[in-house]
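Q: coordinates for the following, if possible.
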Amino acid sequence: MSHTTLDRIRAHLKAAGVDFREIHHEPTRTSEESAQARGEDLNVGAKALLLRTDGTFRLFVLPADCRLDSKAIRRYLGVRKTRFATAEELHRLVSLVPGSVPPFGEPILPFEIYADESIGTVTDRVAFNAGSLTDSIIMAASDWEVVARPERFSFARP
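A: Purely as a prediction, here's the structure:
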């Protein structure tokens, strides 16, 4: 599904009339490696994390230079438990590997999407792995917000 995911992202962005730049690079396993491969600052990265909140999987997007505040997520959603999806769950649900998840819910991935309020505030660019560890997209953060339509609240910490 990784190339299928990339193809769906391309088609979605093109249909929306959004400009983006695609970069093919060596495999990256961390946000730091991805930023270096893209030639972008770490804070431009939009890190997408799949979490299980009580019994529901949801996608959370935050700046790559920040950490997730699970307590803020539990409080905002009114759930008791949160945990990261396992590699096996990620593969079973969307055929992706950790680090390759793009910051998109429907129609790209079948999850509700939430974005931290700080995405796009330092710079109007976001960069992210686009369904693989070797393909990235860089685009305007304002365009990303229009096409991704995330619900925003504060859940990132430095």
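
Q: pLDDT (mean, whole number) over stretch 46-64?
A: Stretch 46-64 shows a mean pLDDT of 97.

Q: that stretch: end-to-end distance?
A: End-to-end distance for stretch 46-64: 6 Å, by CA to CA, to the nearest Å.

Q: how far does that stretch sit from the chain's center?
A: How far stretch 46-64 lies from its chain's middle: 8 Å, per CA atoms, centre = their mean, to the nearest Å.

Q: list the buried residues for that stretch?
A: For stretch 46-64, the neighbour count (16 or more other CB atoms under 10 Å) marks 46-53, 57-64 as buried. From N, CA and C alone the C-beta is placed, and that goes for glycine too.

Q: same question for stretch 60-76.
A: For stretch 60-76, a neighbour-count test (16+ other CB under 10 Å) marks 60, 61, 62, 63, 64, 65, 66, 68, 69, 70, 73, 74 as buried.

Q: mind checking how far it is from the chain centre?
A: Relative to its chain's centre, stretch 60-76 lies at 12 Å (CA atoms, centre = their mean).

Q: touching, residue 90 and residue 98? I think so.
A: Yes. Counting by CB atoms under 8 Å, residue 90 touches residue 98, with 6.3 Å between them.

Q: can you pick out the residue with more neighbours from these two?
A: Ranked by neighbour count (other CB atoms under 10 Å), residue 90 and residue 98 place residue 90 first, with 19 against 15.

Q: secondary structure element for the more buried one?
A: For residue 90, the element it lies in under DSSP states H and E is helix 87-94.

Q: what mean pLDDT does the helix or strand following that helix have?
A: Counting by DSSP H and E, the next helix or strand C-terminal to helix 87-94 is strand 112-116. Mean pLDDT, computed over strand 112-116, is 98.

Q: contact partners for the nearest residue to residue 34 once chain neighbours are set aside?
A: Nearest residue to residue 34, sequence neighbours excluded (CB to CB, 6 or more residues apart in numbering): residue 28, at 4.3 Å. Residue 28 makes contact with 34, 36, 37, 99, 129, 133, 134, according to CB atoms under 8 Å, 6 or more residues apart in numbering.
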